[in-house]
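K.L.:
give me the fold of what follows.
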Amino acid sequence: MTPSLANKAFSPCASPQAATPSLSWYVSGVSTPTLTSAQNMARPPPSFPPTTDRPLAVSFIIGSFVHDPATFDLFDLYVPAPATPAPHPDEASFHPQPSITHTFRPEKNVPPKVVSTFFAALVLAPWVALLCLWSKVGVRVPHLSSPRILPFTILLGAFEVLLVWYWVQLKLGQVLLFTGILALPTIFAGKTALATTGEWRTGNH
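P.N.:
So this is what the prediction gives:
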């Protein structure tokens, strides 16, 4: 035997074509399932094939490229089936989970038009009653169309229209934008209207 072959690893190789299954160790550098002295054959690795009804005949072969091999029959080997590994505690977390169905923006449940119309009329009814009572009492607003009062009245009406528009169509961000636009002129118009009303009451105008 060539000395350089003494440090080579031995790999088992089963021969299924033989009449008696045999396990021969050959000098080889190929990465195959390997039996070691510390291997517990009661629990073989899953990569090692188990025996069925016939054992594996283990032989020890010594040879080289220039000498005929010498074969020594050692023993019969029974390899049990590999034990089933215990399930991992988190194994269920790695299986396919049921599909998650999510509706990002469900459609709004709009009430019937008849119900919406009824409640809209209910909201407007006090204003209709107020106008009817004013017409019977004879409320007089002589300065309502004054150039210093009319802008404030128009701006207040614009706020009411904005709220109705928000109820029908607008979003909150749009309402805040339009409210900021109307707020500044309404403040100055209200200050002017209040000062004019005070002058009328004191008789200075």
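K.L.:
quick one, strands of this protein?
P.N.:
10-14, 22-27, 56-62, 70-77 (DSSP state E).
K.L.:
pull the helix or strand with minimum mean pLDDT from the chain.
P.N.:
strand 22-27 (a mean of 41; mean pLDDT, DSSP states H and E).
K.L.:
residue ranges with poor pLDDT in this protein?
P.N.:
Scanning the chain for pLDDT under 70 picks out 1-47, 139, 204-205.
K.L.:
can you tell me the centre-most residue of it?
P.N.:
Note on the chain: the residue nearest the mean C-alpha position is I100, at 8.9 Å, using C-alpha atoms, centre = their mean.
K.L.:
roughly how far does that residue sit from W167?
P.N.:
36 Å (C-beta to C-beta, to the nearest Å). Quick note: C-beta positions are derived from backbone N, CA and C, even for glycine.
K.L.:
need the contact list for T71.
P.N.:
Shown in contact with T71 (C-beta atoms under 8 Å, 6 or more residues apart in numbering): S59, F60, I61.
K.L.:
hang on, I meant V168
P.N.:
Per C-beta under 8 Å, 6+ apart, neighbours of V168: none.
K.L.:
I'd like the numbering to begin with 621 instead of 1 from here.
P.N.:
Fine by me, first position is 621 from now on; the one you just mentioned is V788.
K.L.:
for N729, grab phi and psi.
P.N.:
phi -80, psi 100 (degrees, to the nearest 10).
K.L.:
tally of neighbours for it?
P.N.:
5 (other C-beta atoms under 10 Å).
K.L.:
my read: G683 touches P689, true?
P.N.:
Yes - the criterion here is C-beta atoms under 8 Å, and G683 meets it with P689 at 3.0 Å.
K.L.:
looking at those two, which one has more neighbours?
P.N.:
A count of neighbours by other C-beta under 10 Å puts G683 above the other of G683 and P689, at 15 against 11.
K.L.:
S679 reaches F692, doesn't it?
P.N.:
Yes - taking contacts as C-beta under 8 Å, S679 lies within contact range of F692: 6.5 Å.
K.L.:
settle it for me: which of the two has more neighbours?
P.N.:
S679 (14 against 9).
K.L.:
now for F772, how many residues are close by?
P.N.:
21.
K.L.:
ah, wrong one, I meant A809
P.N.:
19.
K.L.:
got the contact list for it?
P.N.:
P771, F772, L775.
K.L.:
just curious, which of those residues is nearest to V735?
P.N.:
The nearest member of those to V735, counting by C-beta to C-beta, is L775 at 33.1 Å.
K.L.:
the residue lying closest to T812 once chain neighbours are set aside and T822, how far apart?
P.N.:
Distance criterion C-beta to C-beta, 6 or more residues apart in numbering; nearest residue to T812, sequence neighbours excluded, is R768 at 5.4 Å. According to C-beta to C-beta, R768 stands 15 Å off from T822.
K.L.:
neighbour count for these two, which is higher?
P.N.:
R768 (15 against 8).
K.L.:
what about that one, distance to L814?
P.N.:
10 Å.
K.L.:
same thing with P762?
P.N.:
17 Å.
K.L.:
residues contacting T806?
P.N.:
F772, L775, L776, F779 are the contacts of T806 under C-beta under 8 Å, 6+ apart.
K.L.:
what's the burial count for A813?
P.N.:
A813, neighbours per other C-beta under 10 Å, totals 20.
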